[in-house]
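**Student:** Got a predicted structure here, sequence first:
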Amino acid sequence: MSTAQSLRAACDAPDSLFARSDEELLHLVHNEFPQEIDRLQRAYSIRDGPWTPPSTPSPSYILYKEDFDEVNRTLVGFLTLRWIHNDQYEALIASQPAEFQLTRASFHWIRNFYAQVITNADTLFTLITSIIINDLGKDPQLASDCYAETGVDISTLNHDAVLLEALKAGLVPSLAQLSNQGRSDICSAIELGATFNFGQLAQAENAPASLTGLLRMKGHDRSFRLRFMEHLLDVAGAAGHMDWTCAKTLSQPVFESYRNVFDACEGVITGTLTVRSGYDLILIRRAELLRDQDVRVYYVEDKLEDRALIRLLCMGRVTTREKAVLYDNAWRTLEDPVRETLMNSLNLDGQRSQPAVQPTYMPALLSRIKEENALVCTLRYLARVMSATDMGDPSAVVIERSVFTVLKQVIESEEFEKNPSILGEVDVPEGVVTLTTASL
């Protein structure tokens with residue numbers, strides 16, 4: 001029996017599969033997906049400041065005798081699947097901060113959802129494949145390989161869109177190992193991911209128009225649920241390059257935000273919510289969460305200023321009163337024209353007459369900002385980014401502007417720490433049209 005067959009066969013008996021040691025599991029998965037996991041060695045990642053690695057070897061060290069960030073992130077997501085299947089709550093939350101730990105009730109929700117989605121060996125193998133290939137677009141070589149194959153430069157697209165183009169070009173060989181149903185599920189999910197990302201909605205990073213892709217998921221319930229399950233596992237592994245001993249980032253506040261995303265998506269797909277009301281559900285529930293923390297009431301549906309500020313609080317991953325007060329103070333400190341620009345830009349849905357900007361990696365950038373003056377300078381910069389909508393493309397609905405380079409080269413610099421106003425001299429990132437009227 002071949003190695004590939006042994007992994008597929010192992011999916012017939014998941015209890016036995018997930019009873020294996022870390023080392024056995026990781027080698028089994030790597031032998032099934034060698035090209036895909038090897039690609040992840042080149043993928044980019046972001047670390048949250050200084051850190052002390054665990055004493056145990058990382059998943060990538062077990063495979064390669066070397067640490068690779070994205071390999072670790074992906075494989076911690078895979079190991080989280082085992083903790084869920086095996087009902088290993090304590091393993092999943094091991095080093096999560098006590099005040100943010102995923103609750104047992106939420107863990108049971110995830111387990112029940114997993115049991116509803118993963119009903120046979122085919123869905124399990126499809127889910128594992130989805131976990132492994134999800135972030136292949138972060139490998140810059142994949143865009144280069146696509147260019148060599150098609151002659152089309154896709155290097156400026158986001159990593160989800162790169163993966164879709166690579167799929168079309170036949171550069172994701174593991175799809176050939178799937179059943180017709182599994183292949184259809186993953187293709188539908190990747191197509192959705194090229195214009196819509198669960199995490200971006202959870203953080204109100206995208207625009208309401210980005211949710212229009214959900215309308216195509218009507219009648220593809222299995223594909224949607226597999227995609228959502230895979231994304232929960234992706235979130236679980238998001239800090240796997242710094243701590244591979246547990247699902248560090250699948251905390252209770254993060255889980256609650258993804259539960260809200262699931263409800264919003266289900267509503268849009270079934271037609272009980274519009275694209276706009278589905279998006280606003282995320283904002284309303286963040287406002288409710290903050291109200292429970294004794295933060296002032298935000299009138300999301302009635303006041304454009306409050307709606308804009310709640311979007312910022314979502315992008316800033318704000319869940320505490322202290323952080324909310326910081327944002328409120330910074331907002332009031334802004335000059336009137338800057339505040340008005342932000343308010344208008346953050347309230348655009350995205351349409352041909354008024355395209356919306358998606359400031360990709362802005363949540364990661366905002367998470368580095370700790371004091372008011374730095375936040376004020378950052379919001380001034382965000383106002384410039386969000387208002388840069390002229391792409392010369394009359395069909396543009398959503399324009400993506402990635403602040404990844406600004407994060408790495410400016411925000412994480414000593415110069416910014418000493419003088420946040422240097423952001424005023426930083427150019428707005430190049431834009432890429434990610435949604436057009438033809439896509440709607």
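**Tutor:** Done, it's in.
**Student:** and D302, how many neighbours?
**Tutor:** 8 (other C-beta atoms under 10 Å). Just so you know, the C-beta spots here come from the backbone N, C-alpha and C atoms, and that holds for glycine as well.
**Student:** One more: L326?
**Tutor:** Neighbourhood size, L326 [other C-beta under 10 Å]: 18.
**Student:** Which secondary structure element is home to it?
**Tutor:** helix 321-333 (DSSP states H and E).
**Student:** What is that helix packed up against?
**Tutor:** For helix 321-333, the elements it packs on are helix 304-315, helix 372-386, judged by 3 or more C-beta pairs under 8 Å, 6 or more residues apart in numbering; DSSP states H and E.
**Student:** Find the nearest non-adjacent residue to C246, please.
**Tutor:** Setting aside the residues directly before and after it, C246 is nearest to A94 in space (C-beta to C-beta, 6 or more residues apart in numbering), at 3.7 Å.
**Student:** Any figure for the gap between the residue nearest to S130 when sequence neighbours are not counted and E70?
**Tutor:** Among residues not flanking S130 along the chain, E230 sits closest, at 4.3 Å (C-beta to C-beta, 6+ apart). Per C-beta to C-beta, to the nearest Å, E230 is found 15 Å from E70.
**Student:** Which one of those two is surrounded by more residues?
**Tutor:** For E230 versus E70, neighbours defined as other C-beta under 10 Å are more numerous around E230 (26 against 23).
**Student:** can you confirm that one is in a helix?
**Tutor:** Yes - under DSSP: H, G, I helix; E, B strand; the rest coil, E230 sits within a helix.
**Student:** and it, what is it in contact with?
**Tutor:** 127, 130-131, 134, 189 (C-beta atoms under 8 Å, 6 or more residues apart in numbering).
**Student:** Of those - the most surrounded one?
**Tutor:** Busiest of the contacts of E230 [other C-beta under 10 Å] is N134, holding 27 neighbours.
**Student:** if we can go back for a sec, give me the neighbour count for the residue nearest to C246.
**Tutor:** So A94, with other C-beta under 10 Å, has 16 neighbours.
**Student:** ok, now D292?
**Tutor:** D292: 9 neighbours (other C-beta under 10 Å).
**Student:** any idea how far P253 is from it?
**Tutor:** 12 Å.
**Student:** D48 versus the nearest residue to V29 once chain neighbours are set aside, what's the distance?
**Tutor:** Spatial nearest neighbour of V29, chain neighbours left out: F78 (6.3 Å); criterion: C-beta to C-beta, 6+ apart. Applying C-beta to C-beta, the value for F78 to D48 is 22 Å.
**Student:** So if I had to pick from the two, which one is more boxed in?
**Tutor:** Neighbours per residue (other C-beta under 10 Å) separate F78 from D48, with F78 holding more: 20 against 10.
**Student:** List the contacts of the more buried one.
**Tutor:** 25, 29, 128, 131-132, 233, 237 are the contacts of F78 under C-beta under 8 Å, 6+ apart.
**Student:** switch the cut-off to 7 Å
**Tutor:** Applying C-beta atoms under 7 Å, 6 or more residues apart in numbering to F78 gives the contacts 29, 128, 131.
**Student:** Ok, A166 next?
**Tutor:** By C-beta under 7 Å, 6+ apart, A166 lies in contact with 136-137, 142, 146, 172.
**Student:** C-terminal to the lowest-mean-pLDDT helix or strand in the chain, what's the next element?
**Tutor:** Within the chain, no helix or strand scores below helix 3-10, which has a mean of 71 by mean pLDDT, DSSP states H and E. Note on helix 3-10: by DSSP H and E, the next helix or strand toward the C-terminus is helix 14-17.
**Student:** Past that next one, which element shows up next along the chain?
**Tutor:** Next along the chain from helix 14-17, counting by DSSP H and E, comes helix 22-32.
**Student:** neighbouring contacts of the helix holding L326?
**Tutor:** 290, 293-295, 309, 312-313, 316, 318, 339, 372, 375-376, 379.
**Student:** How about stretch 384-393?
**Tutor:** The contact list for stretch 384-393 (C-beta under 7 Å, 6+ apart) reads 341-342, 345-346, 355, 357, 359, 399, 401, 403, 428-429, 431, 433.
**Student:** which of those are buried?
**Tutor:** Neighbour counting with 16 or more other C-beta atoms under 10 Å marks 341-342, 345-346, 355, 357, 359, 399, 401, 403, 428-429, 431, 433 as buried within the contacts of stretch 384-393.
**Student:** thinking again about what came up before, got TSV for the contacts of helix 321-333, with pLDDT and neighbour count too?
**Tutor:** Putting the contacts of helix 321-333 into TSV (pLDDT from 0 to 100; neighbours: other C-beta atoms under 10 Å) gives the following:
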residue	pLDDT	neighbour count
L290	95	21
Q293	91	13
D294	93	8
V295	94	21
L309	97	23
L312	98	21
L313	97	26
G316	96	24
V318	95	24
R339	98	19
E372	97	15
L375	98	22
V376	98	22
L379	98	23
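**Student:** ok, back up a step: show me which residues of the helix holding L326 are buried.
**Tutor:** In helix 321-333, counting by 16+ other C-beta under 10 Å, buried: 323-324, 326-328, 330-331.
**Student:** quick one: which of these is nearest G424?
**Tutor:** Of all the buried residues of helix 321-333, A330 has the smallest distance to G424: 15.3 Å, by C-beta to C-beta.
**Student:** How about that closest one: what's its closest non-neighbour residue?
**Tutor:** Spatial nearest neighbour of A330, chain neighbours left out: L375 (4.2 Å); criterion: C-beta to C-beta, 6+ apart.
**Student:** Repeat that for R259.
**Tutor:** W109 (7.5 Å).
**Student:** List the contacts of the helix or strand containing that neighbour.
**Tutor:** W109 belongs to helix 104-117 when assigned by DSSP H and E. For helix 104-117, the external contacting residues (C-beta under 7 Å, 6+ apart) are 84, 87, 89, 92, 123, 225-226, 229, 232, 252, 255.
**Student:** Considering the residues you listed, which possesses the most neighbours?
**Tutor:** I84 (26 neighbours).
**Student:** Dump the helix or strand where that one lies to PDB, keeping only the CA atoms.
**Tutor:** In this structure, I84 is located in helix 69-85 according to DSSP H and E. Only the C-alpha atoms of helix 69-85 are listed here, as PDB (Å, rounded to 0.1, in the frame of the first residue of the first chain):
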ATOM      1  CA  ASP A  69       6.800  29.800  10.200                       C
ATOM      2  CA  GLU A  70       4.000  29.000   7.700                       C
ATOM      3  CA  VAL A  71       4.700  25.300   7.900                       C
ATOM      4  CA  ASN A  72       4.200  25.500  11.600                       C
ATOM      5  CA  ARG A  73       1.100  27.600  11.400                       C
ATOM      6  CA  THR A  74      -0.500  25.200   8.900                       C
ATOM      7  CA  LEU A  75       0.400  22.100  10.800                       C
ATOM      8  CA  VAL A  76      -0.700  23.400  14.200                       C
ATOM      9  CA  GLY A  77      -4.100  23.900  12.500                       C
ATOM     10  CA  PHE A  78      -4.000  20.300  11.500                       C
ATOM     11  CA  LEU A  79      -3.000  19.200  15.000                       C
ATOM     12  CA  THR A  80      -5.900  21.200  16.300                       C
ATOM     13  CA  LEU A  81      -8.200  18.900  14.200                       C
ATOM     14  CA  ARG A  82      -6.900  16.000  16.300                       C
ATOM     15  CA  TRP A  83      -7.500  17.800  19.600                       C
ATOM     16  CA  ILE A  84     -11.100  18.500  18.500                       C
ATOM     17  CA  HIS A  85     -11.700  15.000  17.300                       C
END
